[in-house]
Each structure stands twice: as structure tokens, then as C-alpha cells.
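Engineer: With the sequence up front, the predicted model follows.
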There are 6 protein chains.
Amino acid sequence: MTTSETLRADGRTPDQLRDITITRGWSKQAEGSALIEFGNTRVLCTASLTPGVPRWLKGEGTGWVTAEYAMLPRATNTRNSRESVKGKIGGRTHEISRLIGRSLRAIIDTKALGENTIVLDCDVLQADGGTRTAAITGAYVALADAIAYAKENKLIAKNAQPLVDTVSAISVGIIDGIPMLDLPYVEDVRAETDMNVVVTGSGKFVEVQGTAEGAPFDRDELNALLDLALIGTTQLTQIQRETLGL
Amino acid sequence: MTTSETLRADGRTPDQLRDITITRGWSKQAEGSALIEFGNTRVLCTASLTPGVPRWLKGEGTGWVTAEYAMLPRATNTRNSRESVKGKIGGRTHEISRLIGRSLRAIIDTKALGENTIVLDCDVLQADGGTRTAAITGAYVALADAIAYAKENKLIAKNAQPLVDTVSAISVGIIDGIPMLDLPYVEDVRAETDMNVVVTGSGKFVEVQGTAEGAPFDRDELNALLDLALIGTTQLTQIQRETLGL
Amino acid sequence: MTTSETLRADGRTPDQLRDITITRGWSKQAEGSALIEFGNTRVLCTASLTPGVPRWLKGEGTGWVTAEYAMLPRATNTRNSRESVKGKIGGRTHEISRLIGRSLRAIIDTKALGENTIVLDCDVLQADGGTRTAAITGAYVALADAIAYAKENKLIAKNAQPLVDTVSAISVGIIDGIPMLDLPYVEDVRAETDMNVVVTGSGKFVEVQGTAEGAPFDRDELNALLDLALIGTTQLTQIQRETLGL
Amino acid sequence: MTTSETLRADGRTPDQLRDITITRGWSKQAEGSALIEFGNTRVLCTASLTPGVPRWLKGEGTGWVTAEYAMLPRATNTRNSRESVKGKIGGRTHEISRLIGRSLRAIIDTKALGENTIVLDCDVLQADGGTRTAAITGAYVALADAIAYAKENKLIAKNAQPLVDTVSAISVGIIDGIPMLDLPYVEDVRAETDMNVVVTGSGKFVEVQGTAEGAPFDRDELNALLDLALIGTTQLTQIQRETLGL
Amino acid sequence: MTTSETLRADGRTPDQLRDITITRGWSKQAEGSALIEFGNTRVLCTASLTPGVPRWLKGEGTGWVTAEYAMLPRATNTRNSRESVKGKIGGRTHEISRLIGRSLRAIIDTKALGENTIVLDCDVLQADGGTRTAAITGAYVALADAIAYAKENKLIAKNAQPLVDTVSAISVGIIDGIPMLDLPYVEDVRAETDMNVVVTGSGKFVEVQGTAEGAPFDRDELNALLDLALIGTTQLTQIQRETLGL
Amino acid sequence: MTTSETLRADGRTPDQLRDITITRGWSKQAEGSALIEFGNTRVLCTASLTPGVPRWLKGEGTGWVTAEYAMLPRATNTRNSRESVKGKIGGRTHEISRLIGRSLRAIIDTKALGENTIVLDCDVLQADGGTRTAAITGAYVALADAIAYAKENKLIAKNAQPLVDTVSAISVGIIDGIPMLDLPYVEDVRAETDMNVVVTGSGKFVEVQGTAEGAPFDRDELNALLDLALIGTTQLTQIQRETLGL
């Protein structure tokens, strides 16, 4: 008989998230911040709000939200060279930074934000799979607090509603033919198919990025992964709401 | 009464591809090449085959397939600065290069390829939407010819089968609530949801990348887009097979 | 007896150009464009016209013409790394870009151009010797069409004459002691002396760049090469005029 | 009457350290690690040990210790651009990385280390003055644990003594004519003279870096600052020893 | 019996400077310049004065003084790669440039300088130890002449006093237990402790940078080095004054 | 009546060189060196000889000669940014470095040089026109001394003859219709046509680079410039020979 203990190294059932912890306000410097943990994955998310927008947006009356993702050199099991020392940013870093930015912009009304810029920095302090999904989920909390800060400090009108929804993200994958939720590194490297799904609090998709790492996948597998992802994001949404006291 | 002519500026029905042309062997220099056109989008795909593999793969007995995507500065309606002049590659370029590489590797048996490296260069000579999907579709043809070349020149055993399937890609999107196939630039910028789908000749998914550009999308919309994409890739597969005389 | 067939691999006489083809308006995006072919050498030249000039020219009432030359990674027989990936432009690229810019500026009256900037992008799609001379010759056609476009669109006064002459260029070299015109790659690598000559339609020199690749050359050899070059540029001027319907 | 409360914003006496906390083993990935806090300054120090040495040291039978310092973009009160995004490392970052490396090498017997390399990464998660001195003090703890790890894993002989002493560092400065210990940011910007002092556990100097920010300083002021620094490093040494259970 | 000849390869006593030569006005182009020689170390210092200040200082009514240090590739015994070719500036170069800038700013009243910028370029033409101290000492002369030039040309008011003191620098070190002044390269590499001291004409410290290259140093050694440094800077101050005719 | 004094600002006749000075062995570090002056233009040329060749030449039994040209930031009348600070080398620098390298290789028998590499660094300390021609002329002297050094130190066989000729270079140009020799900056900027000519001691051409800065030039003008150039290089050859005691 196969028990869930033998299925996953950490004893979880296929549809179970790792322990999720969000430490709101971890940074004393940023307008909003959260240290988010998905098991051993730890990402520090800060939201930096500045009045004004980039030149190409000036005078449009809308704000701007963007994100930068990075990993400390020893976040992973073996040390990686620093991108600053190499003098260039790798493709993976670029790709994830862009994904985080798009995901957060999907739930922002930039008109309501006014001519303010929010930069979300997501720095992976420790990596054990799912860093991009943890980053999106934590960045939402930092963003929400930065917007609250902006209202308190009258950078945004009291009754403006720049946040039109919440957003969270989770990874899912097929390992030995079984769809599983929230993959740690050991599972991630074995997954035949790997999918990152970004979902709003109201249950709609912002991003669906499925990749056949091993064999191509069919429509049924795709559907099973999406079902699983929604189980995860529903719980993450709940944790975000509790963290923010909504 | 709304007719299909009024729906799309170029008069196509929602599920219709643009004119697709593949000029096989456009380059006299490369081991495999194709100039592919999706309407006004023109991408030159070359496959460069070299014996040997990168250092980190040496002695593993497997080959390597990778891709680089780029756009000429005046491929687009207004000129973009050259990435070589700026001294760095943008995030979008990185992201698409990685997507093309993963897509082609999905249908390659690297063991059967032996210790050979194939670099797929996809240079957009003229851009009118769908450049990444044209690149993947054209790169397959270049790749197939480079492998044929390798067999003729005994770099790969006569009976080796490095190509386990074919692969093609198409963009789909929702515009004014209507799912549409193969978006040119004018439609792409208006799409609420935008999806690039990479599919094998046997109809399985290699990549599904859906992004809510405007509003988040629900499960039904996702399904409608996938249906449409498969209509397109089925036809592209047919064109690829005809081009290669399979 | 030595016949011309044995002199040159492609059967040309020493003073004969390769087949020259200019496809005017190859690009649907640029204000002016030409795909130029010198035998197997193919260069896509686009001219991008933008109102306004660089900061250091503002308010002078004069325009600006500049050029960028580049080669696709697999334009050549073996693949070269992309300069964008290396993060820097090589000396050869710089040198040729500057040569093309100077050559075109020599036949432009920048006062008559008004405060407009024209960037000439010359991208080598396939290389078989003489890429810089093909680039200059094709860039002239693209430039002429961009200026015609500017007049039609009233960016330049109808009666302004920014083009004061035409310009074309050809390579010549000494191989086994014999001066030859328009060297393909196989001849170029064997040349003792190599010269690129840029000449106006009226037969005056814009650039003369002679280099002793093998042995230094004397005055007689220099003169023989210049004579040969003028035979070539006279014909190129004629082809340019026919292409433009002058 | 002036009390100590009015002297320093945080109520400390001039010769008092801020609260010092060292969380040993903060990282699950690195061979040695410490999250060190000097008041609100928080630096994550990891020590990555790899068998082998850089090429220029090969075959010498000695090891290598080096350090990299960096700051998260929002460690400070206003956001700084990432050095990876800018594509180059700033002078201050270089300077501090070199200082940390020299400081740790001063207490290492590289012969006893054998042909192993240890990279100390000191990433400032939150900055409030004294980040370089916190980094040195924390890096020592990470280094000691990495060496212990190397012994356990037989990368270094059980009886080898690569660590010949301990090392810690503190900042001192003169503010309104009064020498003060361990400056937070608000004091640092006001200091006329600013000094960073690196001291071994046995009380000898490894580095003395005094800089006149406002007015040049005389010999008496220099002596007063050194006296104060030694008070601080004596306490830091004690905290390091307790943390490591020595 | 040990004589001074055997102590130092060049026969100097421990407290003796090398031959110091300052060629004022070496450059015909710069507003101020000096070729300074400390024995075989030769540094060309130029001061470039431009009206106006960097953007971040505009409207403050103060000037700006900054410095750049560099070494010719063959200034040293074996050739180093050019930093321009490598595409990045090394840590040592950054560190010394910053040190020179701080040292000169310490004796400048930027208010009296008015909104003018002075860039001090210190290029090492030949290196034999002490290049940074020679650079600071020579840069002072170039700076003084640039300020004189500014007064003559009415860029600064005739009675303004931007220079509040003079500044010079010297290296000291402990070799075989003996403190020595002004180390050439052969001594520098053997020094257990190495210190660079920047001192004003009035004898106050601007920078004290002591580094234990071999063994950590104690308070007595530190004091002996400072005593020696002041002997050197007193003489350098005298030479500067004579050079400038003060 | 027009006298030669009124023709040229410095009173020279059209066919007269500026004062030429070559200080052989200026550097105590390099295997060969020369500080060369063409009037106020001063270039420090060093030749660095190292046993061994670049990877791509290994085992061919031939040596390698290459050159790097650079300008100090304040060599010119207004300060230019350092290329190391900008992080990239400009086109002009690249172009001149390549020209110097080709010019010196033209008179080297790389077989006779054996597997040795010589790097010629030509650093412009002061610029007043003709820096590239001064660099080539001075680099020859440095090269000759480096080869003499190699023979003395048995890196090259005593009877090997790596130098097959001497080489020097001069600029010529047409100003107000009059061909002139050795242009200083004030003439260079006014020249309609500008030509750099590199000539061997035996009077053959290595490089002829003529550029129409103003109006295109005809065959007669080209010939007049070449005549003038040969007058200059004949004298430079004589000065080189005297300097080297040949």
C-alpha cells in the first residue's frame, strides 16, 4: 500500500501546501514589506513607493507598478555567481521579474494609483522551489501595505481603490504521473510537467505557464494541474487576507 | 449584421491563420535554415550544427539544442536600439530565446543526437505579431534539415532518431470578447488575454503561456483559446510536413 | 594557356562584378529599404527617418545621418557569437559602421535635410565577401527612398536637395599578383592587398582604404587597384540609378 | 544639564554598543551562516566552502578566503538601483568587499586550510549604519562554522588550525566634538571624523581606516577613537565566542 | 654591523623619502597639471575645470571636486589588461579614486569654489610603489593651478579662497619589524603592515589607512608608523610649496 | 604675397614635419618603449613581450603582435570620459588599435618571432593631431627594442630576423585646396580630405586611408597627398634609424 508518506519526501498529500508563513512589515525601511516562507523557501518582498512615474508615463495621470526578482548567491545548495559581479542579468531572472510585475499589475487600477511608482523587490534569501510563486504571493502583501501607507500620507486619495483584487500564485507539477501541489526543489527537478499559475482572489487566471520538462502533456493533465493550482491559491488568498486583517 | 470582414482588419475569420510561407534552405551557409512568414512577420531561422557539446555536458553522451532570438532594429514600425549597442539583452529577448530552446528540446532525443550541439538562431527581419510562434515553427524546419545534414555527413548514425516528433506554435487571444487565432500586431495590442501555445505534431502541449493583459480570464475562456490554438497548430504541422516532404 | 575560368573560381574575368541585385522596398516598416546582393552576399539596408536630431546638434538647423552595421551570427560559414550576447561590439563592426556613416554623409547636404535624423541599418543576412561595400551601395538606395518619403510627408521641403550625389563602393585586391574586382570570401582571404573604395556617382573618391594583408604594395599596384575600382563603381552607380528610376 | 539621552537619539552613552544579535546557522543551505544585527542593521553572512582553489593558487597547497558585500535595493531609507541591473559594481561595494576579505584572511592560516576556497557573502538586508563592521563580525561566525563543517566532512584534517584568532569590527566617530561608538545612520551622516577599526580577539589591529568627513583630525582625536573602538571589539569578541560556544 | 645600505635596497635610511620631483604644468591642455615622481613611480596629474556642477548639486551654490585614478597597462613589471578592454573598473582602482577625491575635498571650501567642477585625473605612467600617495601629492599641485587659472579667467572671484590648506600623502610600513617611510614595490610586497597617511599642510590627518598584510599590529607600531608618516608629509608639503612658489 | 608663415599657424611649409622627438627607453618596466612627440602630440609606446601565444595560435610555431591605443581623458583640449568608466571602448579607439596592429605586423616575420607575443600599448598623453601616426612610428622603436631584448634573453634565436623592414606613418590633408604634411589639430579639423599613410622603410605602402571629410577628392589630389606622405615617412624612417643606432 502506498501512503502519502512514501509519495512525497516531506509527507504531504499531493494536494497539500507546504507550511506558509508571512511576516508582514519585516523591513523598517520600506513602505510595505513581507518575508514570505513556503517551507524552506524564503523571499523578502519590499514595496518602494515614490511619487512620480517614469518619463514615458508622465502626464497620463496613471501610476506604475514594476518588480525585480533576484537570488542571493548562496540561497541555493551550491553558490551561484552574483549577477552584479558578472555584469549582466540572466534570462531566468529577467523572466521572473517580468512575471511578477505583470501579475501585480493585473490587480492594480493604475488610474486610481495616481502618478506614483511602486517597485516590488523580491529577493530570495533561501531557495527550495517555488520562489517565483512565493514572490508573487508575498509581493501582494507588501504592495497592499505600501498603498495603505500612501493613503495615510495623502499620496493617494483616501477613497481611491487602486487594488481591484488580491493575487497569489502556486506551482504544480506531474511527478511519476501524479499531479502535485507546491513543489519543493527535490520534486521540481523530477517533474515531467511544471506549471506556475497566478490567480486572483476571485478565482480568475492572471497567468498560466505550463512547460513540458520531460514529456509533452495532454488536455486532461493540464486540467488536473489547473484544478490543483486553484486549491492552493484559494488557501493562499485566505492566508493573505488574514495577514492583512481583511 | 457583423461579417467576418468587419471582425478582423485583414478579413480573416476568427479561427483562420494568416498566409504561412516557409522558404526552406534560404541560407547557403547554415546546415539547416528556413525563412518563415506569418503574414507580414518574417523570421530567418538557421540551425548551426557543431560536433561537441558545452563543457558541462561533456562525456555524457548526449547532445545539446539551444536557441537565440533577436529582432533587427527596424523590424518594427519604429526603430529600436540594437541590444549589441546597448551592451545588454532585454528581458523579452531572453524570455523568447529560452522559450524557443525549450520548445525544440521537447521533441529532441538528445541521446540520439550524440555529442553534437545545434544552435537555432531566429532573427526577426520584419515583425507584425506572432514572432515567437513563427520562430518556433520555422526553427523546427531548420532543425530537421540540420539533422538530415548530420546524418549525410556521418556526424549522427544513419539510423539514429533524434527527432521524436514535430513542433509548431501559434498565438491566440481574446479581443472584444471573441477568441481569435494568430494575432497580427494591431490585434495583439488590443487583446485582453494573450496566449502562446506550443504543440507537438501528435497534438500534445509543450508550452501553454496565457497572460491576462487586460482582465483576468476564466476557465471557459482558457478552454476556448486552447481549442483555437490546436486548430492552428494542426495546420502548421501539415505545412511543416509538406515543406520537408514528409 | 590560362583562361579566365581558371583565374577565378566563379569564372569571372578580373574586372567583372558578381551578379548584383537590389530589391528596393524589401521592408514594409522602414521609410526606405533595400535588400542588396553581391553574388551570395546579402545585406538588408533600412533607413529610419525621425524628426529631430541628437542633442549636440539641436538648434543648428542641420540634420544627421548615421549607420549601424551588423552580421547575423550564422551569416558566415561558421557561427559567430552574437555581439549582444557578448555585451560588446567588436572593433570590426565599429569600424565598418563608421565607414558606412561617413560614406553616406559625403553625399548629403545636412542643411537641406533639416532637423531630421536618418539611421541606416545594414544587417548582413549572408556573407560572402564585400559586405561593407554592398552595405554602402544598398544604403544609398534606402537613404534615397527615405528622403523621398520625407518629402511626400512634408518633413522636408519639396524643393530641398539633401542628396548632392550618389555613392557606391566596391572591394578590389591583388591575388597571385593579379588585381581583381569584387572579391568573394575565397579570394578575400588569399589577397595580398585588399582595398575598399567608395566613389560618388560623379566619379570622385569618398574613401580609399588599402591594406597590405600580405606584402606591402607599391604605387603601380595602388594605381591598378584604383582603376579597377572605378570600373566597378561606375556599373554600381548605373544599377542604383536604374533601381531608383533616375 | 546634558544627559546621555540627549547626547544620542537612541539614549546610549558614547561608549555603548547598540543591541547586538547573532543568529547562527540562519541559512539551511550554506556550510556556515549568521544573521547579524547591530541595532536595526541586519546582515546575512554565509560562508560557502568548495574544495579547490582559483587557478592562480593551484598546486601551492594553500586555501583561499574571499568576500562579497552587497546591499538589497531597499535596505536603505530610499531605494537604490540594483548593481546587477546597472551592470556594474559601485566603488563603495568594491571597497567594502575587499575590506571584509582582507579582515578575515588576517586570522586565517591558509596553509592549514588546505586547497579549499571559502567565499563569504555579506548581504545587507536592512541598513542603519555600520554595515561593513557588522558584516566582518558576522562573517567570522559563518567562517568558523564552515571550517567546522570542513573538518566534520574531512575536507580539512581534524587537527588543522586554520583559524589563528577571532576578528570583529566596529565604527567610531566624532560628533559635535564627542567621540562615539557604533554609529547608526543618523549619527554617521553628522560625524566630522569616521573610523572603522578591525581588531583581533587578542586585541591587535587588522585595519584602521579613519576619514575626515568634515574637518581633519589630530593625534589626540585619533587616540580617543582607537580607545573607544577597542571597548567595542572586546565586547563583540565576547559575543562571538558565546555564539560559537567557545 | 647593519648599515642603512643593507637595510634598504636603495640605500635610504628608514625615515628617508625617495627622490621627489614635481614637473608643474607638464600638460599644455589641462587647466592645471603636474608630473610627479616618487623615485621610479611616475604619475601624471591633470586638473580639468568646467563651469557647472553635476545635476544633484545644481542650485546649491557649491562646487565639486572628484578624482579618477588609473594605471597604464605596462606601468608595472608585467602587463595588466586594460580596464576599458575588460569593460569594468577593478576594486583597487575604485578604492584609490575615491581616496584621492576625499583627500582633495578635505582641503577645499566648495562654497568658495562656486558652481565649478574640477576633475583630477591621476594616471600612473610608471609604477614602483606609492602610486596613490604620489597621486594625492601631485593632484594638489594640479588643483592649485586650476584654481589659479579659474581666478585669472574670472570663473572664481579674485578674493575667493577655495583652498583652505595644502595636502600630501605618503606610505609607511613595517618590514622585518622596522618601520620605514615611502615604500617602493620591493618593500611594499614584503611589508607586514602597510599604511597610507594623508596629512594637511598644517599637520592634521585627512585619512589614516593601516592594513595588516602579514601579522596584526599593536598600538606602539601604529604610533611609530604615524610618526614616520608625518616626517614624510612635512617634507612633501615643503616641496609642494616650493613648486607652487608659495 | 603669401609666405609659408601665413599658410600654417606654426610657420611650417606645406611639406614640413613638426619637430619629431623620440625618447627611447622611457619606461623602466617594458621590454621596449619610446615616448614619441610630433610637435605637441605625445604618445607613450611600450612593447610587452611574453613567451607563448594566444590559444588560437598554439602549436603553429608563429608569434603574435597586437596593439592597443588609448587616450588619457585630458590629453585633449576638453576632457573626455574614460572608456573604462563608460565600460566600453569607442569605435575610434577600436579602429586605431587595429590599424596600429596591422601596420606593425606588416613588417614582422611571425615565424622568426617564434611562439612569443608582443603587445604594443600606445597611450596618448597629449593630443594635438596625428596621434595614430605618431603611435605607429613610436611603436616601431618599442617593438625593435623588445625584439633586441628577446634575443639577449634567448627568447628568440640570436640569428632570427623577425623584423623584415621598418615602418612609420604620417598624416596628410588638403586645406584650402593645398596639400599639407603632418597636420596638427587646428589643421586637421579644417581639412577637406584627410589621409593617413603607413609606409615601410623601403618605401612601400602598408596602409592608405583617405577620407573625404568635406568634399570628395579626385585622382590628382590623391596623388599629391601620397607624394607628400612619402616625403614625411622618408624623414621619419631616418629618425627611427638614428634613434635605434642602425
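Structural biologist: In hand now; what should we look at? Residues are numbered from 1 along each chain as shown, chains lettered A, B, ... in the order given.

Engineer: all contacts plus neighbour counts: C-alpha atoms, from now on.
Structural biologist: Will do.

Engineer: Student question: in chain A, what's the helix or strand with minimum average pLDDT?
Structural biologist: Every helix and strand of chain A was ranked by mean pLDDT, DSSP states H and E. The lowest is helix A:4-7, at a mean of 62.

Engineer: Could you point out the helix or strand that follows that helix?
Structural biologist: strand A:20-24 (DSSP states H and E).

Engineer: near chain B, which residues of chain A show up?
Structural biologist: When proximity is defined by CA under 8 Å from any CA of the partner chain, chain A lies next to chain B at A:88, A:90-92, A:94-95, A:98, A:106, A:200, A:203-219.

Engineer: What residues does whichever residue of chain A sits closest to chain C make contact with?
Structural biologist: Residue nearest to chain C within chain A (CA to the nearest CA): A:Lys88, separated by 8.6 Å. For A:Lys88, the set of contacting residues under the criterion of CA atoms under 8 Å, 6 or more residues apart in numbering or on different chains consists of B:Lys88, D:Ser84, D:Val85, D:Gly87.

Engineer: ok, back up a step: can you tell me which of the residues of chain A next to chain B end up in helices?
Structural biologist: Residues from these lying in helices, with DSSP state H as the criterion: A:Gly91, A:Arg92, A:His94, A:Glu95, A:Arg98, A:Arg219.

Engineer: OK, contacts around the second one?
Structural biologist: Right, the one you point to is A:Arg92. The neighbourhood of A:Arg92, defined by CA under 8 Å, 6+ apart, consists of B:His94, B:Glu95.

Engineer: separation between it and chain F?
Structural biologist: Distance, A:Arg92 to chain F, using CA to the nearest CA, to the nearest Å: 24 Å.

Engineer: Same check on the last one?
Structural biologist: According to CA to the nearest CA, A:Arg219 and chain F sit 50 Å apart.

Engineer: so what's that residue up against?
Structural biologist: Taking CA under 8 Å, 6+ apart as the contact definition, A:Arg219 lies against B:Lys204, B:Phe205.

Engineer: For B:Glu207, see how far away it is.
Structural biologist: From A:Arg219 over to B:Glu207 the distance is 12 Å, taken as CA to CA, to the nearest Å.

Engineer: Okay, strands next: where are they in chain A?
Structural biologist: Remark: strands assigned in chain A by DSSP state E are A:20-24, A:32-38, A:41-51, A:64-71, A:116-126, A:167-175, A:178-181, A:193-200, A:205-212.

Engineer: The residue in chain A positioned nearest to chain D: neighbour count?
Structural biologist: With CA to the nearest CA as the measure, A:Ser84 is the residue of chain A nearest to chain D, at 3.7 Å. Taking other CA atoms under 10 Å in any protein chain shown as the neighbour definition, A:Ser84 ends up with a count of 18.

Engineer: so A:Gly52 makes contact with A:Glu115?
Structural biologist: Yes: because the distance of 5.2 Å satisfies CA atoms under 8 Å, A:Gly52 is recorded as touching A:Glu115.

Engineer: out of those two, which sits in the more crowded spot?
Structural biologist: For A:Gly52 and A:Glu115, the more surrounded residue by other CA under 10 Å is A:Glu115, and the numbers stand at 22 against 18.

Engineer: got a pLDDT number for that one?
Structural biologist: Predicted confidence (pLDDT) at A:Glu115: the value is 95.

Engineer: To what extent is the closest residue to it other than its chain neighbours buried, counted in neighbours?
Structural biologist: Leaving aside its sequence neighbours, A:Glu115 sits nearest to A:Gly63 (CA to CA, 6 or more residues apart in numbering or on different chains; 4.4 Å). By the criterion of other CA under 10 Å, A:Gly63 has 23 neighbours.

Engineer: Kindly report the same for the one 10 residues further on.
Structural biologist: Counted with other CA under 10 Å, residues neighbouring A:Pro73 total 22.

Engineer: do A:Ser168 as well
Structural biologist: Using other CA under 10 Å as the criterion, A:Ser168 is surrounded by 29 other residues.

Engineer: How about the contacts made by it?
Structural biologist: By CA under 8 Å, 6+ apart, A:Ser168 lies in contact with A:Thr133, A:Ile136, A:Thr137, A:Tyr140, A:Val198, A:Val199, A:Thr200, A:Gly201, A:Thr233, A:Leu236, A:Thr237.

Engineer: how far away is the closest residue to A:Ser81 other than its chain neighbours from chain E?
Structural biologist: Residue nearest to A:Ser81 in three dimensions, not counting chain neighbours: A:Pro73, with 6.0 Å by CA to CA, 6+ apart. As for A:Pro73, its distance to chain E is 19 Å (criterion: CA to the nearest CA).

Engineer: What of A:Gly245?
Structural biologist: 42 Å.
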